[in-house]
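Asks: Sequence first, then the predicted structure, then my questions.
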Amino acid sequence: MVRTLRLRIIGVTLLAVSFVIFAIIFTINMLSSVWIIGRADDMLSIISEWNGKLPSNPDEIENRVNFTVDSELPYRTRYFVIKTDNDGNITEKMLGNIASVSEDELEYYNEKTKDLKDNTYGTIDEYRYLVHYTPHGKMVSFLDLSPDREALGIFTAASTFTGIAGLIFVLVIIIVASKRILQPFISNQEKQKQFITDAGHELKTPLAIIRTNAEVLEMCGGSNEWIDSIKNQTVRLDGLIKGLLQLAKSGEIAEEQPVKFSLSGTVNEVSQPFKALADQKNIVMHYDIIPSIE
């Protein structure tokens, strides 16, 4: 019983801690992902507003974004811009800030964004884009998200590993602490077992005397219903005492298989002791017990 209770405490505590830890990890990673997308959209908005370039003077955009802006920003930002005419044909390719995009890829990205509306944000592969229409056609700005996604992936792996390591550490603490938590319960249970054992042994002596006296009365005056009732109740009490002592030793109630028993006999046995009380008060008791009910 104590072992089962301890396992339940460990299991429930570990489940609750796991939920909290991984909920925090999930929330942090989701917020980081949202921040990356928001930062990319701000950058694309600025690139589109400055006609496909990032301004070299950080003061021009510092108050418009929620991230650090300095003079190195244009050099560490990977982006490219495609300008097309009203028919969707590419008229200008701005690839000065990226080197990994080929001509075929430009056609591919142009085809993907050809029918999109003005001020449409979206993602294709590792690029975040913004569609902006001009009097002469359309300009689509693409920002490379791969560095941020790589950093987010590393952070996700590190946070997950840290969370698992933390769970293992918490598990060790719970296993050690559960012993101390259950110590008062174990002590109380031992006292209860000892009390039941002592009481059971103390009850056996007067019960044996009552049974012996009933047998002496039966030998001297013959058998009658009162002596039979006393003997039946001593047998019943003896069975109850043995059950208590067995329970005190095992600490758990055994799961027993259902068996057939005589319901008629049980009702008759329980009813008989009340006949003496009825006779003392001149009350006549009537029994109507159908036999052989199991």
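Replies: Right, received. Where do you want to start? Numbers count the residues shown, from 1 in each chain.
Asks: can we go C-alpha only for contacts and neighbour counts from here?
Replies: Fine.
Asks: and residue 37, how many neighbours does it have?
Replies: Residue 37 has 17 neighbours, counted by other CA atoms under 10 Å.
Asks: and if you look at residue 137?
Replies: Using other CA under 10 Å, residue 137 has 16 other residues around it.
Asks: In this structure it contacts residue 90, no?
Replies: No: Residue 137 is not in contact with residue 90 according to CA atoms under 8 Å; the separation is 9.7 Å.
Asks: who touches both of those two?
Replies: Counting by CA atoms under 8 Å, 6 or more residues apart in numbering, the contacts common to residue 137 and residue 90 are 83, 84.
Asks: Quick check, pLDDT for residue 65.
Replies: On the pLDDT scale, residue 65 is placed at 67.
Asks: which residues in the stretch 101-250 of the chain form helices?
Replies: 103-112, 146-221, 225-250 (DSSP state H, counting those that start in this stretch).
Asks: Quick one: low-confidence residue ranges for the stretch 101-250 of the chain.
Replies: Scanning the stretch 101-250 of the chain for pLDDT under 70 picks out the ranges 250.
Asks: count of residues packed around residue 81?
Replies: 24.
Asks: Could I get the contacting residues of it?
Replies: Residue 81 neighbours (CA under 8 Å, 6+ apart): 52, 93, 94, 95, 139, 140, 141, 142.
Asks: export those to CSV and tack on distance to residue 260?
Replies: What follows is the contacts of residue 81, written out as CSV (distance: CA to CA, whole Å):
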residue, distance to residue 260
52, 90
93, 91
94, 91
95, 90
139, 88
140, 84
141, 84
142, 81
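Asks: Which two among the residues you listed are spaced furthest apart?
Replies: Farthest apart among the contacts of residue 81 by CA to CA are 95 and 139. That separation is 13.4 Å.
Asks: the more surrounded of those two?
Replies: Between residue 95 and residue 139, residue 139 has the larger neighbour count (other CA under 10 Å), namely 25 against 16.
Asks: contacting residues for the residue lying closest to that one once chain neighbours are set aside?
Replies: Nearest residue to residue 139, sequence neighbours excluded (CA to CA, 6 or more residues apart in numbering): residue 83, at 4.4 Å. Residue 83 makes contact with 90, 91, 92, 93, 137, 138, 139, 140, according to CA under 8 Å, 6+ apart.
Asks: Quick check: next helix or strand after the stretch of helix or strand residue 83 belongs to?
Replies: Taking DSSP states H and E as the definition, residue 83 sits inside strand 79-84. Downstream of strand 79-84, the next assigned helix or strand under DSSP H and E is strand 90-97.
Asks: partners of the strand holding residue 83, with directions?
Replies: strand 90-97 (antiparallel), strand 137-144 (antiparallel) (DSSP bridges).
Asks: Please give the centre-to-centre distance between the last one and its chain.
Replies: Relative to the centre of its chain, strand 137-144 is centred 45 Å away, using CA atoms, centre = their mean, to the nearest Å.
Asks: That one relative to helix 103-112, how many degrees between them?
Replies: Going by axes from the mean of the first three to the mean of the last three CA atoms, to 10 degrees, strand 137-144 is angled at 120 degrees with respect to helix 103-112.
Asks: what's strand 137-144 in contact with?
Replies: 40, 43-44, 47-48, 52, 77-88, 113, 126-133.
Asks: Mind checking which of these are buried?
Replies: 40, 43-44, 47-48, 52, 77-85, 113, 127-133 (16 or more other CA atoms under 10 Å).
Asks: what about stretch 40-56, how long is it end to end?
Replies: 18 Å (CA to CA, to the nearest Å).
Asks: Rounded mean pLDDT for that stretch, please.
Replies: For stretch 40-56, the per-residue pLDDT averages 85.
Asks: Can you report how many residues lie near residue 211?
Replies: 19.
Asks: Surely it and residue 233 touch.
Replies: No: between residue 211 and residue 233 there is no contact under CA under 8 Å: 9.3 Å.
Asks: Share the number of residues neighbouring residue 282, please.
Replies: 9.
Asks: Also residue 159?
Replies: 19.
Asks: any idea how far it is from residue 153?
Replies: Between residue 159 and residue 153 the computed distance is 10 Å (CA to CA).
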